[in-house]
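Model the structure of this input:
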Amino acid sequence: MKLKITVLAGDGIGPEVTDEAVAILKEVADFGGHDFTFVPLLIGGVAITATGSPLPAATREAALQCDAVLLGAVGDNKFNALTPDKRPEAGLLQIRQALGGFANLRPAIAYPALAENSPLRAEVTKGADILFVRELLGGLYFGAPRWWNKDADAPGGGEAINTMRYTKAEVVRVARIAFELAAKRKRKVTSVDKANVLEVSQLWRATVTEVGEDYPNVTLEHQLVDSMAMHIMNTPRSFDVVLTENLFGDILSDEAGVITGSLGMLPSATIGGAINLYEPVHGSAPDIAGTGKANPLGAILTAAMVLRHSAGLEQEAAAVEAAVAQVLEAGNRTADIARGSDSKQHLVSTTEMGKLVRDALAESLGQPTRQAVHAS
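Numbers count the residues shown, from 1 in each chain. Okay, here's the model as predicted:
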């Protein structure tokens, strides 16, 4: 397998966690004889400092020549005085637009070893494994017209408008991704809308129902977004793939983060466009950058998604995920997921956590095979 990966480490803790994700990918490549090439480029605050732009043209053009983009984190408070279109976060929005991905995949998994990290009771979260599929390019965030007339004394002043809009084609393409993924999991799709009030949601529900007819082996259910917010907290094990429009997915996937217990554990992928974009959910956390406190597991699990969705290496992706679970079960914790005074917990640094996962992965992928090759 040949794969050319753009690496956009970005700001804050981005470079630290991205280094560990890249190390995992190199480990997989070494064991499997794969050819993974990594192309480091600039985005965000570091790009502004070097070039004056949060997404230099060279980064955009080079990324479009690669097979996948792995991003760390973007954002730095020292650029807050800039207008929004000039800040580091604008680079993230621009690269997403350039790559064209319309479906954001965000897992929310309850790791048994981190049960105490969640504010939910362990018996509620036990066994929860949800994959959110969020439409990313439509809906309220992108619909037109949109404006805010800040002059309250002017005609029509003191008014703001946003437009929620979807076409059938936009719903069809993201729904098909959700059903295809569900067919490889527990064969259930829960589609979230507000069809009792919104015409856009009525289109959404009718279209998803129509698409579902092409997948007779996948169960489809519909949930209103307000009741879904409650069900995720009460019965998270009831869900497999959750399909949402843009706004609802933004809110619900963040809410589901409490199942895992830390933003540092959450990976994501944006697929469907020219090039897939992979990034952990957490931010740049500049306050802990360089201290060795950053949790690299979200980035490492994001690397697993690269293996699954861009490299087509499902077995290797599952092995990375299993290695993460194994390291957690052994009691290893970065500061964000350390809880209480449990003597079985071992506080480790960013790089130590990365090495522990690589060691567990090496054992899983076939350490004896490597030794045998050296012996010959």
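
contacts, neighbours, all on C-alpha from now
Will do.

Any figure for the gap between residue 190 and residue 176?
Counting by Cα to Cα, to the nearest Å, the gap from residue 190 to residue 176 is 13 Å.

ugh, wrong one, I meant residue 144
26 Å.

for stretch 170-185, which positions count as buried?
Under the neighbour-count criterion of 16 or more other Cα atoms under 10 Å, stretch 170-185 has 170-179, 181-183 buried.

Considering the residues you listed, which is situated nearest to residue 318?
residue 181 (14.9 Å; Cα to Cα).

rewinding a little: which two of the buried residues of stretch 170-185 have the greatest separation?
Among the buried residues of stretch 170-185, the pair separated by the greatest distance (Cα to Cα) is 170 and 183, at 20.6 Å.

For burial, what's the neighbour tally of the closest residue to residue 115 other than its chain neighbours?
Closest residue in space to residue 115, ignoring its immediate chain neighbours: residue 122 at 5.5 Å, by Cα to Cα, 6 or more residues apart in numbering. Residue 122: 16 surrounding residues under other Cα atoms under 10 Å.

Residue 122 is in contact with residue 114, isn't it?
No. With contact defined as Cα atoms under 8 Å, residue 122 does not reach residue 114; the gap is 9.2 Å.

average pLDDT across stretch 232-247?
Across stretch 232-247, the average pLDDT comes to 97.

And stretch 353-369, by the same measure?
Stretch 353-369 comes out at a mean pLDDT of 85.

what's in contact with it?
By Cα atoms under 8 Å, 6 or more residues apart in numbering, the residues outside stretch 353-369 that reach it are 20-21, 23-24, 27, 31, 295-297, 300, 316, 319-320, 322-324, 326-327, 332-334.

Tell me which of these fall in strands.
Judged by DSSP state E, the subset of the contacts of stretch 353-369 located in strands is 332-333.

For ChimeraX, what selects the buried ones among the contacts of stretch 353-369?
Buried residues among these (16+ other Cα under 10 Å), as a ChimeraX selection:
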select :20,21,23,24,27,295,296,297,300,316,319,320,322,323,324,326,327,332,333,334
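
dump the residue contacts of residue 106.
So residue 106 contacts 131-133, 253, 266-269 (Cα under 8 Å, 6+ apart).

cutoff 10 Å now
130-134, 241-242, 249, 253-254, 256-257, 266-270, 280-281, 302, 305 (Cα atoms under 10 Å, 6 or more residues apart in numbering).

which strand is the longest one in the chain?
Under DSSP E, the chain gives strand 2-10 as its longest strand.

Please name every helix or strand in contact with it.
If you count contacts as 3 or more Cα pairs under 10 Å, 6 or more residues apart in numbering; DSSP states H and E, strand 2-10 packs onto helix 14-32, strand 35-40, helix 45-51, helix 57-63, strand 68-73, helix 88-99, strand 276-278, helix 297-309.

report the angle between the axes of that strand and helix 14-32?
Counting by axes from the mean of the first three to the mean of the last three Cα atoms, to 10 degrees, strand 2-10 lies at 160 degrees to helix 14-32.

Can you give me the neighbour number for residue 152?
Using other Cα under 10 Å, residue 152 has 10 neighbouring residues.
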